[in-house]
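1. mind looking at a prediction? Sequence and model below.
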Amino acid sequence: MGAKESLTGDGPAPEMHHYYSKFMRECPSGQLSLHEFKKLLDLQGLDPQGDMYIKRVFDIFDLNQDGFIDFLEFIAAINLVIRGKIDQKLKWYFKLYDADGNGCIDKKELLNIFTAIQAINGYTSTSPEEFTDMVFQKVDVNNDGQLSLEEFITGVEKDEGLMELITKTFDLSNVLKVIQSGRRHSI
């Protein structure tokens with residue numbers, strides 16, 4: 001981001017102050033823990049699959065892997081959600097799916113993360129098994145049972161239906177709205 005560029009294009013100082021104020025109101029220590037993250041999003045008491053997904057999202061936003069999301073990491077996450085180009089978002093999705101961090105997504109990883117997402121958002125038009133099989137059928141061009149980053153991005157960008165499904169299923173704008181407003185449920 002340039003010195004005169006803001007996250008939404010409305011001017012840097014007021015926008016940054018707005019986000020900083022909200023972040024510090026919700027997290028006076030300046031560091032958001034996983035527990036606070038779940039509380040902020042009103043996602044406590046999830047089943048193990050849902051907890052796994054929320055922890056994965058948290059871990060990816062925790063860029064320095066210190067167990068907390070600080071303000072700069074928070075801004076980076078917001079910037080990705082608001083202004084990220086599709087290839088940036090696809091790289092983020094890939095990182096989310098690659099649970100073991102080995103640079104490839106296998107069927108079990110994709111199945112687990114999709115199951116976890118369903119546990120949270122109730123998306124049910126496609127079963128986790130159907131989704132996983134469809135992604136691998138369309139994207140795994142060398143049929144090795146794993147998706148590399150390049151295979152994933154190229155395959156998803158070429159298939160409009162798959163792009164739409166992935167974008168809707170893993171949309172983070174609701175998370176952003178919760179963070180921007182301060183709490184999931186207003187009183």
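-> That came through fine. The shown structure was predicted, so the numbers you read here are calculated from the model rather than taken from an experiment.

2. hang on, Ile105 in a strand?
-> Yes. Checked against DSSP: H, G, I helix; E, B strand; the rest coil, Ile105 lies within a strand.

3. and His17, how many neighbours?
-> Per other C-beta atoms under 10 Å, the neighbour tally for His17 reads 10. Bear in mind the C-beta positions are built from the backbone N, C-alpha and C, glycine included.

4. now it: which helix or strand?
-> Using DSSP states H and E, His17 sits in helix 12-26.

5. C-terminal to that helix, what's the next element?
-> Going down the chain from helix 12-26, the next helix or strand is strand 31-32, by DSSP H and E.

6. who does that next one pair with, and is each partner parallel or antiparallel?
-> The strands beside strand 31-32 in its sheet (DSSP bridges) come out as strand 69-70 (antiparallel).

7. and whichever helix or strand comes after the strand it pairs with, how far out from the chain middle?
-> Next along the chain after strand 69-70, taking DSSP H and E as the criterion, comes helix 71-83. Centroid displacement of helix 71-83 relative to its chain, using C-alpha atoms, centre = their mean, to the nearest Å, is 11 Å.

8. buried residues, helix 71-83. List them.
-> For helix 71-83, a neighbour-count test (16 or more other C-beta atoms under 10 Å) marks 71, 73-78, 80-81 as buried.
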